[in-house]
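[1] Give the three-dimensional model of this entry:
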Amino acid sequence: MKLVTTLFLLLALMGTKISFAQDTLEVSTDEKVSELKGQVDGINETLLEMKSTLDAIKKIKVSGYIQAQFQSAQNDNVKSFAGGNFATFTHNRMMIRRGRIKFNYDNDLTNYVVQFDINEGGLSTKDAYITVKEPWMRTAELWAGLFNRPFGFEIEYSSSSRETPERTRMFQTLFPGERELGAKLEIRPQDGFLNIFNLKLGLFNGNGIGAETDNNKDIIGRLGVSLPFTEANLAIDAGVSTYIGKVQLDAPTSATSSSTSLIKSDSSWVKTSNGLDSVKSFTYALKTVSTTTATTAKVYKLNDPTKSPTAENASIQSAD
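    This is a model prediction of the structure:
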């Protein structure tokens, strides 16, 4: 009987110990699970922060290209549109024609772009603009800042993709630097048969990348059509462009009288020496040549205001 009682007590004690051990083990496991859960939650928060940072970084795109160039001319100090004039005692040169680096932050409906040109002459700004797209149809987009003039196809076609080293002389003459300060509305239908058309219409200072010097503004626009050939990775592009603007001449001495070209100055016409007969071309020519080189000028009055401003249609009004 004593033996049975002793065995019963031993079994009871063992059961108590086992139960206590199980309770202790369950508490310890719950603490570890809770601790691990807290660590996992912390990792998740860190990953979410990293994902947010990476998503923002992914919106930033950095690109660029370098074009090295060798030029040779027949004589020293040759005037050149492409890359600037040759130095006084130089008729050949090696140069960095374009050293571009571009930063683009694309935030879906808004886009921020800054592009610099780095060469032996220093650092200059090529682009600095923001675009905002309407969120409903994503058809209309507003541009503001410094960007390419929307005239023709060649100006907006990147130098990194163009088959020739330079743009044609016409565009170099009429649109030096290609860029302009202003604002532009661009419409590109996304769906339907109209998606091959695009309209660009902008209002600009008219001084290129320089600061504004008068109250006159220029209107530049283009209606284009692009027929894509997806399989060949090609497209046929055509369009009609317009450029409407005027300039204000400070004095008639800004041009000489050794040519047959005339330029309007207030109500009169000034005879010029640059061979250009359009108002906008004359403005750019002045900036290229310098207005201080002229010493004398003759002011002409049109015989018939309805006809073109040519020497045959003008008579001398006064001379300085």
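[2] Low-confidence bits of the protein, can you list those?
    Scanning the chain with the threshold set as pLDDT under 70 gives 1-28, 30, 247-320.
[3] Spell out, range by range, the helices that occur in it.
    Assigned by DSSP state H, the helices in the chain fall at 2-58, 169-174, 279-289.
[4] Surely residue 145 is in contact with residue 130?
    Yes. Here residue 145 reaches residue 130: they are 5.9 Å apart, a contact under C-beta atoms under 8 Å. Placement of C-beta: from N, CA and C, glycine included.
[5] So what pairs up with the closest residue to residue 243 other than its chain neighbours in the strands?
    Once flanking residues are discounted, residue 243 sits nearest to residue 220: 5.3 Å by C-beta to C-beta, 6 or more residues apart in numbering. Counting by DSSP bridges, residue 220 is bridged to residue 202, residue 243.
[6] Residue 220: what's it in contact with?
    Going by C-beta atoms under 8 Å, 6 or more residues apart in numbering, residue 220 touches 149-151, 180, 201-202, 204, 241-244.
[7] again, 10 Å this time
    Residues near residue 220 by C-beta atoms under 10 Å, 6 or more residues apart in numbering: 149-152, 155, 175, 180, 182, 184, 200-204, 206, 241-245.
[8] Would you list the buried entries among the residues you listed?
    Among the contacts of residue 220, those scoring as buried are 149-152, 155, 175, 180, 182, 184, 200-204, 206, 241, 243, 245 (criterion: 16 or more other C-beta atoms under 10 Å).
[9] Just list the residues touching residue 224, thanks.
    By C-beta under 10 Å, 6+ apart, the contact list for residue 224 reads 150, 152-153, 156, 188, 196-200, 237-241.
[10] Which elements pack onto the lengthiest strand in the chain?
    Ranked by number of residues, the top strand in the chain under DSSP state E is strand 92-107. Counting by 3 or more C-beta pairs under 10 Å, 6 or more residues apart in numbering; DSSP states H and E, the packing neighbours recorded for strand 92-107 are helix 2-58, strand 60-72, strand 110-119, strand 122-133.
[11] Direction included, what does the third one pair against?
    The one in question is strand 110-119. In its sheet, and by DSSP bridges, strand 110-119 pairs with strand 92-107 (antiparallel), strand 122-133 (antiparallel).
[12] Equivalent analysis for the second one, please.
    Paired with strand 60-72 in the same sheet, following DSSP bridges, are strand 92-107 (antiparallel).
[13] and the strand it pairs with, which residues are buried?
    So strand 92-107, judged by 16+ other C-beta under 10 Å, has buried residues 93, 97-102.
[14] With stretch 162-171 instead?
    167, 171.
[15] from here on, count from 337
    Okay, residue one is now 337; in that scheme the one you just asked about reads as stretch 498-507.
[16] distance of the residue nearest to residue 579 from residue 392?
    Remark: distance between residue 556 and residue 392 (C-beta to C-beta, to the nearest Å) = 35 Å.
[17] same check, this time on residue 561
    Distance of residue 561 to residue 392, given as C-beta to C-beta: 37 Å.
[18] how about residue 416, what does it touch?
    Taking C-beta under 10 Å, 6+ apart, one finds 407, 409, 422, 429, 502, 508 in contact with residue 416.
[19] Could you pull up phi and psi at the third one?
    Going back to what we said before, that points to residue 422. phi -70, psi 150 (degrees, to the nearest 10).
[20] Quick check: closest non-adjacent residue to it.
    In space, residue 422 is closest to residue 414, 4.7 Å off (C-beta to C-beta, 6+ apart).
[21] Can you report how many residues lie near the one you found?
    14 (other C-beta atoms under 10 Å).
[22] Torsion angles phi and psi at it?
    phi -70, psi 140.
[23] Identify the residues contacting it.
    Residue 414 neighbours (C-beta under 10 Å, 6+ apart): 407-408, 421-423, 426-427.
[24] And residue 437, by the same measure?
    Going by C-beta under 10 Å, 6+ apart, residue 437 touches 398-402, 450-454, 459, 462.
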